[in-house]
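J.: Just a sequence and a predicted model for now, questions to come.
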Amino acid sequence: MSTNLTTIDFHGAKLIAIHGDKPETSMIAIRPVVENMGLDWEGQRQKIERHPVLSTCTFVIKAQLPNDSQEREHTFIALNRINFWLATIPPGRIKDPAVRQAVIVYQTELADVAFNHFFGKAIASGPHLSASQTGGVYKAVLNKRLAPLEQKVTYLAERLEQALSCYDPTAGFTTDYQPIIAVLTGKKVPSKGRRGLSARCSKRCERFLLSSGRGASIRISRETGRRLFQVDAMRDWLAAEGEAIIRGHMDRVIGQTAMALKPTRKMRAVPDAPRPFAKQPEAVS
């Protein structure tokens, strides 16, 4: 690591730093910062040594600071950790308002000023993008963010198109299209629970036809608002799953009816049997 020192002007103070090739190898001397804020250096040094994180990102380096006649050991902290250290100093616990304000200024500005001192010129001298290149960068970022949304919009548009193609406001009841309730009636489904079964079967039949690309086999009755299904398409759904759904419903309903036993006639009263050891009435002579 290079020990060529440089100074950073910060609110009239001179901060001591070592220029690295990146933020984690650029160092800031901690003691001048502490003293410029008006804090006690020994207290901060002990806190840093005890801290499990700060103790791993500070370094003791021999360097000759300005206005010093010889090299001494000084504690430096990596530039990318200086805000972390400053954040451990609570301004609210500092009674002196001048010191408290200085701490807030250092916490707010120091890291940015030091970074610009080391790397601002390199960034400023880098290649500049033209307006079209900048637009291309923004476009690439936006396309990446909007791609999932575009897929959802496409999916919803396809579903809407299918639904619109199925709707015929002039469609009435014809022999080619029937509601599910007509099928249930023809199969002698008991009236108990038939309305709920009809709604369930209509949804399942619609889902079956849409998933197989046969949305045109569905219409909406103008008079009743019910879904009407082309008889051949509905026959395919019945073979696939409809018959099993209807059969399961009928088995449950018929089973429940069979279990609800009711007497067909009133049972005759049975006289009470004589109680054992009961005293019999004496015969009258």
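T.: Perfect, thanks for sending it. Predicted, not measured: the structure shown is a model, and the values here were computed from it.

J.: CA atoms for contacts and neighbours, from now on please.
T.: OK.

J.: how about the strands in the stretch 1-150 of the chain?
T.: 5-10, 13-18, 27-29, 58-63, 72-78 (DSSP state E, counting those that start in this stretch).

J.: Tabulate those (a markdown table), appending distance to residue 91, mean neighbour count and mean pLDDT.
T.: Below are the strands of the stretch 1-150 of the chain laid out as a markdown table (distance: least, Cα to Cα, whole Å; neighbours: other Cα atoms under 10 Å; pLDDT from 0 to 100):
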| stretch | distance to residue 91 | mean neighbour count | mean pLDDT |
| --- | --- | --- | --- |
| strand 5-10 | 19 | 15 | 85 |
| strand 13-18 | 20 | 18 | 86 |
| strand 27-29 | 21 | 26 | 88 |
| strand 58-63 | 22 | 16 | 84 |
| strand 72-78 | 21 | 17 | 87 |
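
J.: Which one, of the ones you listed, ends up nearest to residue 43?
T.: strand 72-78 (13.6 Å; Cα to Cα).

J.: how about the CA coordinates for the closest one, as CSV?
T.: In CSV, the C-alpha atoms belonging to strand 72-78 read as follows (Å, rounded to 0.1, in the frame of the first residue of the first chain):
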residue,chain,number,x,y,z
ARG,A,72,4.7,7.9,13.8
GLU,A,73,2.0,5.2,13.9
HIS,A,74,-1.4,6.6,12.9
THR,A,75,-4.8,4.9,12.7
PHE,A,76,-6.4,5.0,9.2
ILE,A,77,-9.9,3.8,8.1
ALA,A,78,-10.9,2.7,4.6
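
J.: same for that strand, what does it pack against?
T.: Under the contact criterion of 3 or more Cα pairs under 8 Å, 6 or more residues apart in numbering; DSSP states H and E, strand 72-78 touches strand 27-29, helix 30-37, strand 58-63.

J.: now those as CSV including distance to residue 187?
T.: Listed next are these as CSV, based on distance: least, Cα to Cα, whole Å:
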stretch, distance to residue 187
strand 27-29, 86
helix 30-37, 89
strand 58-63, 84
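
J.: that older thread, TSV please, covering the strands of the stretch 1-150 of the chain and showing distance to residue 237.
T.: As requested, these are exported to TSV (distance: least, Cα to Cα, whole Å):
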stretch	distance to residue 237
strand 5-10	79
strand 13-18	78
strand 27-29	74
strand 58-63	73
strand 72-78	70
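
J.: Going along the chain, name the helices of the stretch 51-200 of the chain.
T.: Counting by DSSP state H, counting those that start in this stretch, the stretch 51-200 of the chain has helices at residues 82-87, 97-124, 131-166, 180-186, 194-211.

J.: Flag whichever of the ones you listed has the least confidence on average.
T.: Here those differ in mean pLDDT, and the lowest is helix 131-166 at a mean of 65.

J.: picking that back up, and residue 120, which of the helices and strands packed on strand 72-78 is closest to it?
T.: strand 27-29 (16.1 Å).

J.: strands paired with that closest one, and their directions?
T.: Strand pairing for strand 27-29, determined by DSSP bridges: strand 13-18 (antiparallel), strand 72-78 (antiparallel).

J.: Need the contact partners of the first one.
T.: Defining contact as Cα atoms under 8 Å, 6 or more residues apart in numbering, one finds that strand 13-18 is touched by 2-9, 26-29, 32-33, 36, 65.

J.: switch the cut-off to 6 Å
T.: 5, 6, 7, 8, 26, 27, 28, 29 (Cα atoms under 6 Å, 6 or more residues apart in numbering).

J.: Quick check: closest non-adjacent residue to the last one.
T.: What that stands for is residue 29. residue 76 (4.3 Å; Cα to Cα, 6 or more residues apart in numbering).

J.: next one: the fifth one
T.: Taking Cα to Cα, 6+ apart as the measure, residue 26 lies nearest to residue 20, with 4.1 Å between them; neighbours along the chain are not counted.

J.: possible to save the strands paired with strand 27-29 as a markdown table with distance to residue 239?
T.: Output for the strands paired with strand 27-29, formatted as a markdown table (distance: least, Cα to Cα, whole Å):
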| stretch | distance to residue 239 |
| --- | --- |
| strand 13-18 | 81 |
| strand 72-78 | 73 |
